[in-house]
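# Attaching a predicted model along with its sequence, questions to come.
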Amino acid sequence: MLNGWAPEELLETYHVERHAAALENLEVTAATMRFLAPSGAADRERRQALPGGRLRDHCRDGFLLLVGGMSDSRLFAQVLGKVTRAPLAVRELATMDGTGGLADELGVRPDEAWLIRPDAHIAAIIPHAGPESVVAAVRRASRCTLDRVVGGLE
């Protein structure tokens, strides 16, 4: 627009496009924070009712990859074992609590994977998770460079 390459009306299209994405991002972030750091009695009760317990208890010994129902946890475990020497556990969300309540509470989609660092920080939410995208997220989160890869997937 400054250089005359686009009409001024283009600015409004950015709002329409980004506003929906921002609202979804806020919704997911709020649900995650209500679970990870409940601020009220209702949030604490909802979290304590889930058999999955504290997320921190599942990731304190290394990275944790939480996968939705459409992901193959065995494939991810096999692939990631070749990529990093860091301790890494792969868990299906449905098996963590037996009900799917944890996935619902966090807003995890069936084709997503969530990479959790040992300090319980969500390092990545990986939509349409596949081996390549999960490997890339683990490498970013662990600062793993290609020359330190243990078997390589290239």
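Sure, I can see it. Residues are numbered from 1 along each chain as shown.
# following the lowest-mean-pLDDT helix or strand in the chain, which helix or strand shows up next?
Lowest on mean pLDDT, DSSP states H and E among the helices and strands of the chain sits helix 55-59, with a mean of 71. Using DSSP states H and E, the next helix or strand after helix 55-59 towards the C-terminus is strand 63-67.
# just checking, what packs against that following strand?
Judged by 3 or more CB pairs under 8 Å, 6 or more residues apart in numbering; DSSP states H and E, the packing partners of strand 63-67 are helix 73-80, strand 88-92, helix 93-97, strand 113-116, helix 131-142. To be clear about C-beta, it is placed using only N, CA and C from the backbone, and glycine gets the same treatment.
# Which of those has the lowest mean pLDDT?
Lowest mean pLDDT within these: helix 93-97, a mean of 74.
# How is the protein divided into domains?
Annotated domains of the chain cover 10-45, 53-148 [automatic domain parsing].
# pLDDT score for residue 112?
For residue 112, the predicted pLDDT is 90.
# Residue 65 reaches residue 89, doesn't it?
Yes. The criterion here is CB atoms under 8 Å, and residue 65 meets it with residue 89 at 7.2 Å.
# more crowded one of those two?
Neighbours were counted for residue 65 and for residue 89 using other CB atoms under 10 Å; residue 65 has more, 26 against 16.
# could you measure the closest residue to the more buried one other than its chain neighbours against residue 129, distance?
Closest residue to residue 65 apart from its sequence neighbours, by CB to CB, 6 or more residues apart in numbering: residue 90 at 4.6 Å. Per CB to CB, to the nearest Å, residue 90 is found 11 Å from residue 129.
# Now do the SS call for residue 84.
The local conformation at residue 84, judged by DSSP: H, G, I helix; E, B strand; the rest coil, is coil.
# Roughly how far does it sit from residue 142?
6 Å.
# what sits in contact with each of these two?
Any residue near both residue 84 and residue 142 by CB atoms under 8 Å, 6 or more residues apart in numbering counts here, and that gives residue 63.
# Identify the residue spatially nearest to residue 103, adjacent ones excluded.
For residue 103, the spatially nearest residue (CB to CB, 6+ apart) is residue 93, at 4.1 Å.
# residues contacting the one you found?
66-69, 100, 102-103, 106, 108.
# Between those residues, which sits nearest residue 134?
Nearest to residue 134 among the contacts of residue 93, counting by CB to CB, is residue 67 at 8.6 Å.
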